[in-house]
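just a sequence and a predicted model for now, questions to come.
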Amino acid sequence: MPLLYSFGKITVGNAMILGWRPRVEGLENIPKSGGAIFASNHLSVADELFLGATVPRHLAFWAKSDYFDGTGLRGRFNRFIMEGLGAIRVDRSGGRAALGAFDAAIPALKAGDMVVVYPEGTRSPDGKLYRGRTGAARLAVGAGVPIIPVGVIGTEKIQPIGQPYPKLVGWGKATIKFGKPIEAAGRPDDRTALRVLTDEVMAEIQKLTGQEYVSRYAPTKPQRDDDPAA
């Protein structure tokens with residue numbers, strides 16, 4: 001586990017646990033070793049904080065390339081933070097550049113790291129669960145690792161869209177549920193098979209959260225909080 005990530009778990013992670021006391025279910029479904037993909041619904045920026053706080057192993061989150069390429073003191077500081085946390089660089093310019101995130105994630109997964117992906121591609125604008133994009137399935141099949149469905153409940157009340165920081169303690173209760181791993185190793189990687197696997201994952205997430213499912217992609221917004229695996 002990267003040193004800065006470990007420090008974050010001791011400080012921010014413990015503050016999240018002690019302050020909001022999230023309910024956590026299914027920790028036994030998290031493998032003690034080996035790579036895995038956490039495929040989660042996405043209600044709030046706070047989702048990442050609660051996942052990082054509750055999962056005992058290192059989680060590699062995606063971070064846009066701007067955080068790695070900045071100049072000056074602030075740029076060096078951001079790069080230090082991202083590299084210290086073990087974040088995966090994402091180039092959102094599209095095309096081959098955007099696929100670099102997959103190139104970085106697959107070796108990390110094969111080496112035993114765990115990566116978080118939000119199949120909806122963005123935060124839900126209304127609390128519903130939208131159709132998943134196939135990036136998480138493609139990544140899991142390519143790396144030969146399982147997908148762990150994750151259901152997060154209540155974080156949109158703790159940190160609503162547009163709120164820069166979580167609200168003070170007492171503004172909501174978070175629940176994080178980890179489902180049983182879905183094996184992806186050996187599955188075909190054609191478009192139809194990836195869609196089937198993605199729909200299977202989304203169905204498991206829906207069971208965990210009880211959200212209303214919408215069979216279309218989440219509406220895009222000018223400022224998207226997405227990831228390249230979408």
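Good, I have the coordinates.

buried residues in the one helix or strand residue 18 maps to?
Assessed by DSSP states H and E, residue 18 sits inside helix 14-20. By neighbour count with 16 or more other C-beta atoms under 10 Å, helix 14-20 contains the buried residues 16, 20. To be clear about C-beta, it is placed using only N, CA and C from the backbone, and glycine gets the same treatment.

list the contacts of residue 39.
117-119, 132, 136, 147-150, 201, 205 (C-beta atoms under 8 Å, 6 or more residues apart in numbering).

can you give me the pLDDT of the residue in the chain sticking out farthest from the centre?
Each residue of the chain has a distance to the centre, and by C-alpha atoms, centre = their mean the biggest one is for residue 72: 29.4 Å. Per-residue confidence (pLDDT) for residue 72: 91.

residue boundaries of the helices in the chain?
Listed in chain order, the helices found in the chain under DSSP state H are 3-8, 14-20, 46-54, 66-69, 72-85, 95-98, 100-110, 135-143, 155-158, 191-209.

residue nearest the centroid of the protein?
residue 116 (3.1 Å).

low-confidence stretches in the chain?
92-100, 169-171, 221-230 (pLDDT under 70).

now do the lengthiest strand in the chain: which elements does it pack against?
Once the chain is assigned using DSSP state E, the strand that runs over the most residues is strand 147-153. In terms of contacts (3 or more C-beta pairs under 8 Å, 6 or more residues apart in numbering; DSSP states H and E), strand 147-153 is packed against strand 36-40, helix 46-54, helix 135-143, strand 175-178, helix 191-209.

can you give me the offset of that strand from its chain's centre?
The chain centre lies 9 Å from the centre of strand 147-153; the measure is C-alpha atoms, centre = their mean, to the nearest Å.

okay, the angle between it and helix 135-143?
Here the directions of strand 147-153 and helix 135-143 differ by 150 degrees (axes from the mean of the first three to the mean of the last three C-alpha atoms, to 10 degrees).

quick check: buried residues in stretch 140-157?
Buried residues in stretch 140-157 (16+ other C-beta under 10 Å): 140-141, 143, 145-157.

excluding chain neighbours, give the residue nearest to residue 212 in space.
Take residue 212 and drop its neighbours on the chain: the residue closest to it by C-beta to C-beta, 6 or more residues apart in numbering is residue 128, 4.8 Å away.

ok, now which ones touch that neighbour?
Residue 128 touches 211-214, counting by C-beta under 8 Å, 6+ apart.

and residue 146, by the same measure?
Contacts of residue 146 (C-beta under 8 Å, 6+ apart): 31, 36-37, 140, 181-185.

mind running it again at 10 Å?
Each residue near residue 146 by C-beta atoms under 10 Å, 6 or more residues apart in numbering is listed here: 29, 31, 34-37, 140, 180-185.

same check on residue 167?
So residue 167 contacts 20, 46, 157-160 (C-beta under 10 Å, 6+ apart).

ok, it to residue 157 distance?
Distance, residue 167 to residue 157, by C-beta to C-beta, to the nearest Å: 8 Å.
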